[in-house]
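J.: 3D, please:
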Amino acid sequence: MTCGGCSGAINRALTKFRDSEPGKIDSFDVNLENQRVVVTGAADYDTVLEKIKKTGKEVRWRFVGEHIRLTTSQVRSGKVVT
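T.: The predicted structure follows:
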């Protein structure tokens, strides 16, 4: 995420998912400064990943302890813009 538009798109996608499937997402935090998205709830990883990817953002993840950390970058014309 490089701008408020990026974080806003992810926020809208996760809000739509949370509202359309109650109980799947308890909470989420989209942090532009740290370029991090934290999602808690019963939704599986692949579903959350797909919802974020639909925004046109590339998602990279890594394990942090027992957790998966997702970071995103905007994708334009197949190239990652950082």
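
J.: So the closest residue to residue 52 other than its chain neighbours, which state does it fall into?
T.: The shortest distance from residue 52 to any non-neighbouring residue, by Cβ to Cβ, 6 or more residues apart in numbering, is to residue 59 (5.3 Å). The way it works is simple: take the backbone N, C-alpha and C, and place the C-beta from them, glycine included. Assigned with DSSP: H, G, I helix; E, B strand; the rest coil, residue 59 falls in the strand class.

J.: for residue 37, same thing?
T.: Using three-state DSSP, the structure places residue 37 in strand.

J.: Compute the number of surrounding residues for it.
T.: Here the number of neighbours of residue 37 (other Cβ atoms under 10 Å) works out to 24.

J.: One more: residue 41?
T.: Using other Cβ under 10 Å, residue 41 has 15 other residues around it.

J.: Then the one 3 residues further on?
T.: By other Cβ under 10 Å, 10 other residues sit near residue 44.

J.: For it, list the residues it contacts.
T.: For residue 44, the contact set (Cβ atoms under 8 Å, 6 or more residues apart in numbering) is empty.

J.: one step back: quick check, pLDDT for the residue nearest to residue 52.
T.: Residue 59 carries a pLDDT value of 72.

J.: ok, how many other residues are close to it?
T.: Neighbour tally, residue 59, other Cβ under 10 Å: 18.

J.: For it, give the beta-bridge partners.
T.: Beta bridges link residue 59 to residue 72, judged by DSSP bridges.

J.: ok, now residue 38?
T.: For residue 38, the beta-bridge partners are residue 29 (DSSP bridges).

J.: center of this protein - which residue?
T.: residue 52 (4.6 Å; Cα atoms, centre = their mean).

J.: A strand includes that one, no?
T.: No: if the criterion is three-state DSSP, then residue 52 is helix and not within a strand.

J.: one step back: you'd agree the residue nearest to residue 52 is up against residue 53?
T.: Yes: with contacts counted by Cβ atoms under 8 Å, residue 59 reaches residue 53, the gap being 5.9 Å.
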